[in-house]
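Chemist: just need the structure, nothing else, for what follows:
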Amino acid sequence: MAASARSRSSHPSSAGGARGSGPGGAPAGAPRGRGVLEGAFAVLEALRRQGDEAGVTELALACGVPKATVHRLLDQLVALGAVERHGARYRLGAQLYRIGQAWQPHPGLRAAARLPLHRLRAATGASVVLTVLHDTALDDTVALTVSSVPGALEPVLPVRNGTGFRLDTAVGRALRGPRRSGAVLDREDVMAGVCCAALPVRSPNGAVVAALAALVPAGQSPARLAHAVAEAGAAVTRGLGRGVRGPSGLPPGLLR
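Modeler: Model prediction:
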């Protein structure tokens with residue numbers, strides 16, 4: 001089950017290279033309404049796609065924004081803790097990570113899934129992902145990974161929070177609701193050597209709120225894998241019913 005490529009730039013390059021900046025730090029001739037916030041998010045998205053560190057020139061090319069504008073945006077993002085600077089290279093910062101961790105695709109979902117995902121990984125050795133439907137800035141809908149536990153496939157197919165899977169993969173089909181009962185199976189249909197079992201995760205009232213998938217090397221029993229995924233999904237549903245608390249439920253004064 002291959003993750004969808006996200007190599008396209010968020011904004012087209014301006015013709016003829018850098019042409020100066022307009023109001024709000026936007027390049028001259030840019031579409032009206034593009035300002036500092038949009039430019040900052042374009043830089044952050046480019047850093048996310050980079051996956052590690054990047055320099056000003058790389059980010060300017062990825063965003064289609066003049067280098068001087070990117071440099072100013074980076075200075076502001078560094079001051080806010082959203083970006084960290086290491087010499088002439090930049091990467092996403094801890095403050096941005098802390099803010100992102102507060103996002104809840106469904107109330108209590110990530111907290112309810114934490115233990116079931118780790119237990120599924122321990123029982124099967126699989127790489128495990130929990131996904132939700134998400135509309136991207138590119139007018140595309142993906143199965144967005146909101147929780148993940150790396151497993152045996154890590155060297156071949158790393159799983160990471162924030163990764164988007166196509167909707168024609170097993171996890172995408174499970175997220176849209178399978179036409180028949182039981183797990184959606186992928187027997188090396190998308191990627192040679194990789195099999196997957198995926199099931200929708202339902203809230204206590206029966207609504208599909210996420211999809212849970214386990215990815216393993218080819219050769220493992222699909223029936224056994226599907227059974228383990230079903231047990232983990234049922235545990236998530238029970239957790240949602242109990243209202244499993246995340247970090248905000250810890251005693252006052254323990255967290256800052």
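
Chemist: can you give me the strands for the chain?
Modeler: Here the chain has its strands, by DSSP state E, at 83-86, 89-92, 127-135, 141-149, 164-165, 184-187, 194-202, 208-217.

Chemist: closest to A60 out of those strands?
Modeler: strand 89-92 (11.7 Å; Cβ to Cβ). Every residue, glycine included, has its C-beta placed from N, CA and C.

Chemist: buried set for the closest one?
Modeler: 90, 92 (16 or more other Cβ atoms under 10 Å).

Chemist: one more: stretch 161-176?
Modeler: So for stretch 161-176, counting by 16+ other Cβ under 10 Å, buried means 163-167, 169-176.

Chemist: can you give me the neighbour number for V132?
Modeler: By other Cβ atoms under 10 Å, 20 other residues sit near V132.

Chemist: shouldn't it be in contact with Q104?
Modeler: No - under the criterion of Cβ atoms under 8 Å, V132 is not in contact with Q104, lying 10.1 Å apart.

Chemist: one step back: and of the strands of the chain, who's closest to A46?
Modeler: Of those, nearest to A46 by Cβ to Cβ is strand 89-92, at 9.8 Å.

Chemist: which secondary structure elements does that closest one contact?
Modeler: helix 36-50, strand 83-86 (3 or more Cβ pairs under 8 Å, 6 or more residues apart in numbering; DSSP states H and E).

Chemist: only the C-alpha atoms, please, for that strand, written as PDB.
Modeler: Below are the C-alpha coordinates for strand 89-92, written out as PDB (Å, rounded to 0.1, in the frame of the first residue of the first chain):
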ATOM      1  CA  ARG A  89      19.800  25.000   7.300                       C
ATOM      2  CA  TYR A  90      16.300  25.000   8.700                       C
ATOM      3  CA  ARG A  91      13.900  22.400  10.000                       C
ATOM      4  CA  LEU A  92      10.400  22.300  11.600                       C
END
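
Chemist: who touches it?
Modeler: If you take Cβ atoms under 8 Å, 6 or more residues apart in numbering as the criterion, strand 89-92 is touched by 44, 47-48, 52-56, 59, 74, 78, 82-84.

Chemist: where are the low-confidence patches of the stretch 1-150 of the chain?
Modeler: Where the stretch 1-150 of the chain drops to pLDDT under 70, the residues are 1-34, 137-139.

Chemist: could I get the full set of helices for it?
Modeler: Counting by DSSP state H, counting those that start in this stretch, the segments of the stretch 1-150 of the chain that form helices are 36-50, 56-63, 67-80, 94-100, 109-124.

Chemist: any chance of those in JSON lines, plus distance to A183?
Modeler: Below are the helices of the stretch 1-150 of the chain laid out as JSON lines (distance: least, Cβ to Cβ, whole Å):
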{"stretch": "helix 36-50", "distance to A183": "31"}
{"stretch": "helix 56-63", "distance to A183": "38"}
{"stretch": "helix 67-80", "distance to A183": "42"}
{"stretch": "helix 94-100", "distance to A183": "30"}
{"stretch": "helix 109-124", "distance to A183": "13"}
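
Chemist: so which of the ones you listed is nearest Q220?
Modeler: Nearest of the helices of the stretch 1-150 of the chain to Q220, taken as Cβ to Cβ: helix 109-124 at 7.6 Å.
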